[in-house]
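> What follows is a predicted protein model with its sequence.
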Amino acid sequence: MSVNGERILARNIPTQAIYEFDRSTGIAVRYFSSRPVYYTISSVATLPEDIRQILLKLDEKYREFEYRRAEDPEWECPPDRIASTEDETRALDFTDDFYAAHPLPPP
């Protein structure tokens, strides 16, 4: 979402959760009740453009769902809209393998 000298602001596509990563540590903390959960950046490799575009469209799709739920808490997504397309599934599968193959170097 954004990067500055101190932080990386990122959004999880399926959940639309926002994470604020410290650029010096690569760690973000989210609290569930009072329990902290730590998230760590494991790769910063650049995705191929076709995969990136699919993920950006997927992010828009899930963000639209969040907006609809905010406007109408009773709204339910039609099953045919929430199901992943072949391209979305391919892109998500690709990122699993791609980022595992391109980890950050050890500190």
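Yep, that arrived.
> Please write out the alpha-carbon positions of the lowest-mean-pLDDT helix or strand in the chain in CSV.
Ranking every helix and strand in the chain by mean pLDDT, DSSP states H and E puts helix 79-82 at the bottom, with a mean of 86. Only the C-alpha atoms of helix 79-82 are listed here, as CSV (Å, rounded to 0.1, in the frame of the first residue of the first chain):
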residue,chain,number,x,y,z
PRO,A,79,-21.1,-18.1,-4.3
ASP,A,80,-20.2,-17.6,-7.9
ARG,A,81,-18.5,-14.2,-7.1
ILE,A,82,-16.4,-15.5,-4.1
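> Just name whatever secondary elements that helix is in contact with.
Other elements packing on helix 79-82 under the criterion 3 or more Cβ pairs under 8 Å, 6 or more residues apart in numbering; DSSP states H and E are helix 49-71. Where C-beta positions appear, they are placed from N, C-alpha and C, glycine not excepted.
> Give me the buried stretch members for the helix it packs on, please.
I51, I54, L55, L58, D59, K61, Y62, F65 (16 or more other Cβ atoms under 10 Å).
> Out of those residues, flag the one nearest to A17.
Y62 (10.7 Å; Cβ to Cβ).
> thought that closest one was touching Q16?
Yes - counting by Cβ atoms under 8 Å, Y62 touches Q16, with 5.6 Å between them.
> and the residue nearest the centre of the chain, what does it touch?
The chain has N12 as the residue nearest its centroid, 2.4 Å off, counting by Cα atoms, centre = their mean. Counting by Cβ atoms under 8 Å, 6 or more residues apart in numbering, N12 makes contact with Y19.
> Can you tell me how far it is from D97?
Taking Cβ to Cβ, to the nearest Å as the measure, N12 falls 19 Å from D97.
> And the strands in this structure?
For the chain, the strands defined by DSSP state E occupy 2-3, 7-11, 18-22, 27-32, 35-40.
> how far is the third one from where the chain is centred?
Taking Cα atoms, centre = their mean, to the nearest Å, one finds strand 18-22 lying 11 Å from the centre of the chain it belongs to.
> Kindly calculate the angle that it makes with strand 27-32.
On the basis of axes from the mean of the first three to the mean of the last three Cα atoms, to 10 degrees, strand 18-22 is oriented at 140 degrees to strand 27-32.
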